[in-house]
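Student: Predicted model, plus sequence, below.
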2 protein chains.
Amino acid sequence: MSATIIDGKAFAAKVRGQIAEQVARLKAEKGLTPGLAVILVGEDPASQVYVRNKGKQTVEVGMNSFEHKLPADVPADELYALIDKLNADPAVHGILCQFPVPPHLSETEIVARIDPAKDVDGLHVVNAGLLASGQKAMVSCTPLGCLMLLRDQLGSLSGLNAVVVGRSNLVGKPMAQLLLRDSCTVTIAHSRTKDLPEVCRRADILVAAVGRPEMIKGDWVKPGATVIDVGINRIDAPERGEGKTRLVGDVEFGAASEVAGAITPVPGGVGPMTIACLLANTLTACCRANGLPEPEGLTA
Amino acid sequence: MSATIIDGKAFAAKVRGQIAEQVARLKAEKGLTPGLAVILVGEDPASQVYVRNKGKQTVEVGMNSFEHKLPADVPADELYALIDKLNADPAVHGILCQFPVPPHLSETEIVARIDPAKDVDGLHVVNAGLLASGQKAMVSCTPLGCLMLLRDQLGSLSGLNAVVVGRSNLVGKPMAQLLLRDSCTVTIAHSRTKDLPEVCRRADILVAAVGRPEMIKGDWVKPGATVIDVGINRIDAPERGEGKTRLVGDVEFGAASEVAGAITPVPGGVGPMTIACLLANTLTACCRANGLPEPEGLTA
């Protein structure tokens, strides 16, 4: 048996198309344009690429993109003043600060400063609490993207056994909350778990979010299971030439794809969903801020 | 084999003793007395009993108890003004409003009004978020009590398979978070779970919080497991005479206690821990408000 390879790039494009449609309708019917503000502190090249991509995709779906670039030595007070201004600006529905920030700034304090209703990265403690108590939250983009892929693949998730390997605040824990909300029986496994292979073998849905290259082996996968690989690990690839590297996930892809029913590749699986979900969250925040119904198919 | 019956009443008394000692030390060394404010709206007889018990035990451990009784028709604004006053009062470290409240008042809004740092019932969305993200939170009393019983019984919980049956915001979900924080492999099961008996049979720690009398059968329990029964259900007991009733848990106690290693009875198991944990949370809140170390053995 050979698994369906879940094409995250194609699905993300489809999601962006749905967002663009709903944005166009919002403009035509309500005169509203969702707006996403991105703050970039300093000149980190990788961060610059991310921010540029986010801005480009934001505009492509018809939203307003507001980029705020601050020098690496910006005083915390100035950054907070900007966040306060964006919090108060009705044209801004989503705010994110690109991390990492320089060491004189505190990521925790930055996140705490953002209005939870505009926290499209879903990092604010209030959003963690809303998610944990089953209320309307802004949900962190990567787990939201995984959930969308799973629903697209499987339809209803109710009653399925889901195993999340990894208990990070950014992925593992919110992922477990989302799967529980969709009525999976959810197990959270981690480095202290005994007999992890056996725990994984019970999973109809296996989400790997540990950050260790190919740690989850093919024979840990239940035949027919849906495998979502959140890991992005760069490893040496001498077979491609001296000094070459390649990206792999947390799952041993080749062997797992012989057994699984469906599996996300790395790259091209979960990764492309992240920005799509950021845009989905911005649209959701805009709808909520204006007392409109949740955008269809784009929320947890 | 016959299980150890976990004596929650005795253990709660021991915890209250530890609290009393730490309160006495706080008074002697820092001149601080923790204070718990309880708000009771209306004249519900059961609530009056609870509030009286809480007040009595608060004073017994050496804390200040502040009782605020409001008429059943108190306007929401007046109640909120009282909460604001208690939030600002440095002598008050914990605030709880006894639920249920009359229907013209919103429990959600009352909880949201309480300063999260003084929310000793652990109901505020910020506390749910802090717990979910592994930070210092005020933890809801019943799951905290279960955790204390488990640690007392088992020592380290790391690596144990824990199954929580029930996914309520008040018990099931925070219980799962606490067990995860103590490095259990945690499964959350519920009404949509397939083959619940089999899932339960994998549990080294089985927490039942479903509110259905004796739903969990003796042969669902793994030999030697520790069983925590949160349910308190009143059922007919014709064998005790016409119209008589008795209390049972969510677990079939007789059969389960033949198999389990340890088990909480109902009544007398988890129940008595609730007020003890309320007092523990008040002491914790007092220590945090004054920048002192966490009280030993009384927090998650």
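Tutor: Nice, thanks for sending it over.

Student: use CA for all of it now, contacts and neighbours both
Tutor: Fine.

Student: Quickly note the distance from the closest residue to A:Leu32 other than its chain neighbours to A:Arg288.
Tutor: Setting aside the residues directly before and after it, A:Leu32 is nearest to A:Leu26 in space (C-alpha to C-alpha, 6 or more residues apart in numbering or on different chains), at 5.6 Å. Between A:Leu26 and A:Arg288 the computed distance is 12 Å (C-alpha to C-alpha, to the nearest Å).

Student: How about A:Leu278?
Tutor: With C-alpha to C-alpha as the criterion, A:Leu278 and A:Arg288 are 15 Å apart.

Student: Equivalent analysis for A:Leu149, please.
Tutor: For A:Leu149, the distance to A:Arg288 - C-alpha to C-alpha - is 24 Å.

Student: Pick out whichever of those two has more residues nearby.
Tutor: Legend: neighbour count by other C-alpha atoms under 10 Å in any protein chain shown for A:Leu149 and A:Arg288, higher for A:Leu149 (22 against 17).

Student: Wait, a helix at A:Leu149?
Tutor: Yes. Under DSSP: H, G, I helix; E, B strand; the rest coil, A:Leu149 sits within a helix.

Student: Now tell me what touches stretch A:2-16 from outside.
Tutor: If you take C-alpha atoms under 8 Å, 6 or more residues apart in numbering or on different chains as the criterion, stretch A:2-16 is touched by A:61, A:149, A:224, A:257-265, A:268-273, A:276, A:279-280.

Student: Correction: the previous question concerned stretch A:134-145.
Tutor: Contacts to stretch A:134-145, defined as C-alpha under 8 Å, 6+ apart, come from residues A:116-117, A:119-123, A:127-128, A:130-131, A:170-172, A:174-175, A:178, A:181, A:270-271, A:273-278, A:281, A:285, A:299-300, B:169.

Student: Equivalent analysis for stretch A:187-196, please.
Tutor: A:161-167, A:172-173, A:176, A:199, A:210, B:158-161, B:180, B:183-188.

Student: give me that answer again for 6 Å
Tutor: For stretch A:187-196, contacts defined as C-alpha atoms under 6 Å, 6 or more residues apart in numbering or on different chains pick out A:Val163, A:Val164, A:Val165, A:Gly166, B:Gly159, B:Thr185, B:Val186, B:Thr187.

Student: For A:Pro34, give me its contacts.
Tutor: Here A:Pro34 is in contact with A:Met63, A:Leu283, A:Cys286 (C-alpha under 6 Å, 6+ apart).

Student: from those residues, which ones fall inside helices?
Tutor: A:Leu283, A:Cys286 (DSSP state H).

Student: Return the member of the contacts of A:Pro34 nearest to chain B.
Tutor: Nearest to chain B, judged by C-alpha to the nearest C-alpha, of the contacts of A:Pro34 is A:Cys286 at 22.1 Å.

Student: May I see the contacts of stretch A:187-196 arranged in a markdown table, with pLDDT as well?
Tutor: Converted to a markdown table, the contacts of stretch A:187-196 look like this (pLDDT from 0 to 100):
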| residue | pLDDT |
| --- | --- |
| A:Val163 | 98 |
| A:Val164 | 98 |
| A:Val165 | 98 |
| A:Gly166 | 98 |
| B:Gly159 | 98 |
| B:Thr185 | 98 |
| B:Val186 | 98 |
| B:Thr187 | 98 |
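
Student: Please list the residues of the stretch 151-300 of chain A that sit near chain B.
Tutor: A:Gly159, A:Asn169, A:Thr185, A:Val186, A:Thr187, A:Ile188, A:Ala189, A:Arg192, A:Thr193, A:Lys194 (C-alpha under 6 Å from any C-alpha of the partner chain).

Student: 7 Å - rerun?
Tutor: By C-alpha under 7 Å from any C-alpha of the partner chain, the residues of the stretch 151-300 of chain A that approach chain B are A:Ser158, A:Gly159, A:Asn169, A:Ser183, A:Thr185, A:Val186, A:Thr187, A:Ile188, A:Ala189, A:Arg192, A:Thr193, A:Lys194.

Student: Quick check on those residues: which are buried?
Tutor: Buried members of those, counted by 16 or more other C-alpha atoms under 10 Å in any protein chain shown: A:Ser158, A:Gly159, A:Ser183, A:Thr185, A:Val186, A:Thr187, A:Ile188, A:Ala189, A:Thr193, A:Lys194.

Student: Taking chain A, what residue is nearest to chain B?
Tutor: A:Gly129 (3.4 Å).

Student: ok so that residue is a strand residue?
Tutor: No. Counting by three-state DSSP, A:Gly129 is not found in a strand; it is helix.

Student: Look up the pLDDT of the nearest residue in space to it that is not next to it in sequence for me, please.
Tutor: What sits nearest to A:Gly129 in space, not counting adjacent residues and going by C-alpha to C-alpha, 6+ apart, is B:Gly129, at 3.4 Å. Looking at B:Gly129, its pLDDT is 98.

Student: Next, count neighbours for B:Gly129.
Tutor: Neighbours of B:Gly129 (other C-alpha under 10 Å): 23.

Student: Can you convert the contacts of A:Pro34 into CSV and add a column each for pLDDT?
Tutor: Below are these laid out as CSV (pLDDT from 0 to 100):
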residue, pLDDT
A:Met63, 98
A:Leu283, 98
A:Cys286, 98
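
Student: Now do the residue nearest the centre of chain A against B:Phe99, distance only.
Tutor: Against the mean C-alpha coordinate of chain A, by C-alpha atoms, centre = their mean, the closest residue is A:Thr142 at 1.6 Å. Per C-alpha to C-alpha, A:Thr142 is found 38 Å from B:Phe99.
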